[in-house]
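> need a structure here:
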Amino acid sequence: MIEFFKTLPMHFKRAWNSVRRNFAETLSSVFAVTVTSILIAIFVIVGFNIGGFTQNVEDSVRVVAQIDLSVEGDKIKELQKEIENLPHVTSVIYSDKEEQLEKLIDNPQGGEGYVDFRDDNPLSAVFYVEPTSGDYLNQIETRVSQIDGIDKVFFGGESVAQMVSAFNSARLGGGIFIGALCLLAIFLISNTIKINIQNRKEEIAIMRNVGASNLFIKMPFLIEGVIIGAIGAIIPILVSIFGYGFLYDSMNGQFFTILFKMYAPMPFIYLVSLFLLAVGMIVGLIGSFVSVTRYLRWKR
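Numbers count the residues shown, from 1 in each chain. You can find the predicted model right below:
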């Protein structure tokens, strides 16, 4: 192990010299990693913000159960307990009809028109049912509507459920696309390392003849792949830092409404940058590992 660390500086030097010596091939791989990393950055940033949007939408949506006017007293408490015991229900909040009327009156858009109903309130009391996740809104609505004593149930209709589903599908699709891009970058880097191996096959043959281990032979190529990946991640990192900061300031930190609030640039964008650097280096490492391992196995 000590011997391994002693030889690392030499391996780094050989890897860097190879990058410089095969500049044209290296540049094509760096370009592939750069383009891939930029697209990954876009999907990661969009994906995380979509996750935040989804959470905000889910947190803001509640199932509203309107209580039948004939239900009073202890029966209301029994209903509340029954709803609380349903699967995927976090909490149930009771609001009497006076509170409901006051909410209408407090509305700045025409609320004063409801003041006259204080003497003869026609509204019903309601339960606000908090789901554990927006995915269960339809299920909770159906279960609550079947309970005796509940008049009507609503939560914003199919549009809310469809929005949450669309957000989740977008994140899944983005993840699949990112995976495909990484495979493409691995393939391109693998080809670059393969060319470099062919250019140095005599050197590799000499090392094998003098008893060099496979790890000793592989190490410069593995480091070369990591260097290519790291260089390819530089431009995407800069684009992410400055681009996201500009977008955040331009949009005042949200898309149209507070529900679609963006992640603050700090520390979010720096975590994304570290992720891009790690992805670039790992992709480079895998690409070079695949190429050099195949060559050494074939030449064994």
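
> Could you use CA atoms for every contact and neighbour count after this?
Fine.

> Let me see the domain layout of the protein.
According to automatic domain parsing, the chain comprises the domains 2-57+162-298, 62-155.

> The last one: end-to-end distance?
The first residue of domain 62-155 is 6 Å away from its last residue (Cα to Cα, to the nearest Å).

> Can you name every helix or strand that the host helix or strand of residue 232 contacts?
Residue 232 belongs to helix 214-250 when assigned by DSSP states H and E. Under the contact definition 3 or more Cα pairs under 8 Å, 6 or more residues apart in numbering; DSSP states H and E, helix 214-250 sits against helix 2-21, helix 23-60, helix 158-199, helix 265-298.

> how about the ones you listed, which one is nearest residue 227?
With Cα to Cα as the criterion, residue 227 lies closest to helix 265-298 of those, at 7.0 Å.

> Mind listing what's buried along that closest one?
265, 269, 272-273, 275-292, 296 (16 or more other Cα atoms under 10 Å).

> Give the rounded mean pLDDT of stretch 194-205.
Averaging pLDDT along stretch 194-205 gives 73.

> For the remainder of this discussion, apply numbering that starts at 43.
Happy to do that; since the first residue is 43 now, the last one works out to stretch 236-247.

> and it, how far apart are its ends?
Distance between the boundary residues of stretch 236-247 (Cα to Cα) amounts to 15 Å.

> ok, and what's touching that stretch?
Outside stretch 236-247, the residues that touch it by Cα atoms under 8 Å, 6 or more residues apart in numbering are 60, 64, 67, 259, 330, 333, 334, 337.

> what does stretch 136-156 give?
By Cα under 8 Å, 6+ apart, stretch 136-156 touches 122, 157, 159, 160, 163, 165, 166, 167, 168, 169, 170.

> My reading is that residue 124 is in a helix; is that accurate?
Yes: secondary structure of residue 124 (DSSP: H, G, I helix; E, B strand; the rest coil): part of a helix.

> which ones are touching it?
So residue 124 contacts nothing (Cα under 8 Å, 6+ apart).

> again with residue 107
Neighbouring residues of residue 107 by Cα under 8 Å, 6+ apart: 168, 169, 170, 171, 186, 187, 192, 193, 194, 195, 196.

> Now it: which helix or strand?
Using DSSP H and E, residue 107 sits within strand 105-109.

> Output that strand as CSV, restricted to C-alpha atoms.
Output of strand 105-109 as CSV, limited to C-alpha atoms (Å, rounded to 0.1, in the frame of the first residue of the first chain):
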residue,chain,number,x,y,z
VAL,A,105,-59.1,17.6,1.3
VAL,A,106,-62.0,19.7,2.5
ALA,A,107,-64.9,17.6,3.9
GLN,A,108,-68.2,19.5,4.3
ILE,A,109,-70.2,18.3,7.3
